[in-house]
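**Q** Fold the following and give me the result.
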Amino acid sequence: MSTPKITVADVMTSEVAVVRADEKVRKAAVLMDRHGTGCVIVTDSQGRPVGIITERDVVSRLVAKGLSADEVTCREIMTSPLITIEPQAPITAAMDKMVKSKVRRLVVLDRGKLVGVVTERDILRVAPALIEVLTSKREVEESYVKEVQAGYCEVCGEWSDDLREVNGHFLCEECRGEYVVSE
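**A** Next up, the predicted model:
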């Protein structure tokens, strides 16, 4: 039984707030508030994504420094370059990339075009389903193993109620610990 592949596209948020790099930070903050999101994607004059502004960026790069959201441009506080992922990538690849990059959001690009954002929260939302799938898979695998447990060990020839397949050979517990089947 193979585990179903959950992709970034399956969990990402497609409606993304976007602001131009030359616009003031106040506009980014208003968009975050209006959309109920923790980030906006910053684009260049051609609409290409070039950065991201998060709530944390607003706090640490603007408010904490006593700067004005009406005077500072998005370009000045955005995080760049973007850390991106493709929509077809497995969600596990997104999780791995977030951990390695120490970020909570990835910008989803399809052939260079902005199609969404995937966040830790998006992944947590599907975590119960992922756990259910993995649990079901394990139960099926364990039930299969339990059906083929008794017989004669192919190495020592002794009867065992606990045979397991190792490299295509059914071995008892003692032989599994000692024996390496050569091909």
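**Q** For Arg26, see how far away Arg105 is.
**A** From Arg105 across to Arg26, the span is 21 Å (Cβ to Cβ, to the nearest Å). No exception for glycine: its C-beta is placed from N, CA and C like everyone else's.
**Q** can you tell me which helix or strand the spatially closest residue to Pro90 that is not a sequence neighbour belongs to?
**A** Nearest residue to Pro90 in three dimensions, chain neighbours excluded: Lys5, at 5.6 Å (Cβ to Cβ, 6 or more residues apart in numbering). Using DSSP states H and E, Lys5 falls within no helix or strand.
**Q** Surely Lys5 is in contact with Ala93?
**A** No - Lys5 is not in contact with Ala93 according to Cβ atoms under 8 Å; the separation is 10.4 Å.
**Q** Please identify which of those two sits among more neighbours.
**A** The neighbour comparison of Lys5 against Ala93 (other Cβ atoms under 10 Å) goes to Ala93, with 15 against 11.
**Q** Chain neighbours aside, what residue packs nearest to that one?
**A** Nearest to Ala93 is Ile85, by Cβ to Cβ, 6+ apart, at 6.8 Å.
**Q** Need the pLDDT of that neighbour.
**A** The per-residue pLDDT reported for Ile85 equals 96.
**Q** separation between it and Arg75?
**A** Counting by Cβ to Cβ, the gap from Ile85 to Arg75 is 23 Å.
**Q** which of those two has more neighbours?
**A** Neighbours per residue (other Cβ under 10 Å) separate Ile85 from Arg75, with Ile85 holding more: 22 against 17.
**Q** Let me know the distance separating that one from Val108.
**A** 6 Å.
**Q** Overlap in contacts, these two.
**A** Val8, Val118 (Cβ atoms under 8 Å, 6 or more residues apart in numbering).
**Q** For Arg105 and Arg26, indicate the residue with more neighbours.
**A** The neighbour comparison of Arg105 against Arg26 (other Cβ under 10 Å) goes to Arg105, with 24 against 16.
**Q** wouldn't Thr84 be in contact with Leu106 here?
**A** Yes - using Cβ under 8 Å, Thr84 is in contact with Leu106, at 6.3 Å.
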